[in-house]
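*Asks:* turn this into a structure:
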Amino acid sequence: MISLTDSQKIGMGLTGFGVFFLFFGMVLFFDKALLAIGNILFVSGLSFVIGLERTFRFFFQRHKVKATSFFLGGVLVVLIGWPIVGVVLEIYGFFLLFRGFFPVAVGFIRRIPVLGSLLSLPGISSLVDKIGESNTMV
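*Replies:* All right, here's what the predicted structure looks like:
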């Protein structure tokens with residue numbers, strides 16, 4: 001079992017609530033307030049989980065400047081009041097930021113009994129193979 005510090009536990013809770021508010025904000029036709037709360041909770045939860053310095057180093061690496069600008073620009077656009085445009089920018093930035101993690105996640109999901117068999121279906125398999133390659137999303 002992985003032991004977490006109290007601040008990491010708080011960060012997991014904040015990140016979870018952030019994802020919930022983002023999802024709920026999209027379900028309710030891109031509600032500005034819910035999306036803004038979700039963005040703030042997600043980013044603050046991430047900084048609690050991995051620490052402020054590591055969060056800063058993750059977002060502001062030289063090769064991730066484009067991804068960070070899209071993600072944080074999307075957060076800013078949502079806070080200004082244009083939720084649909086902001087969410088599109090955030091999603092693109094999110095995929096650019098975490099594209100190195102997708103092959104690991106796809107490999108892990110393929111080992112789960114039910115989900116692995118779903119991912120090996122003919123139409124889904126080719127899509128998952130493209131997502132699983134880290135160099136496809138530029």
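
*Asks:* in the protein, which residue is most central in space?
*Replies:* Note on the chain: the residue nearest the mean C-alpha position is F94, at 5.2 Å, using CA atoms, centre = their mean.

*Asks:* wait, what's in contact with L96?
*Replies:* Residues in contact with L96 (CB atoms under 8 Å, 6 or more residues apart in numbering) are K64, K66, A67, F70, F71, M137. Just so you know, the C-beta spots here come from the backbone N, C-alpha and C atoms, and that holds for glycine as well.

*Asks:* could you identify the most distant pair in these?
*Replies:* F71 and M137 (13.8 Å; CB to CB).

*Asks:* of these two, which one has the most company?
*Replies:* F71 (24 against 14; other CB atoms under 10 Å).

*Asks:* test my guess that L97 contacts L72.
*Replies:* No - using CB atoms under 8 Å, L97 is not in contact with L72; the gap is 10.1 Å.

*Asks:* quick one: G13 from R99, how far?
*Replies:* 27 Å (CB to CB, to the nearest Å).

*Asks:* can you list the neighbours in contact with the top helix by length along the chain?
*Replies:* In the chain, taking DSSP state H as the definition, the longest helix is helix 6-27. Residues outside helix 6-27 that contact it (CB under 8 Å, 6+ apart): 4, 31-35, 37-50, 83, 87.

*Asks:* what about these, which are in helices?
*Replies:* Those of those lying in helices (DSSP H): 32-35, 37-50, 83, 87.
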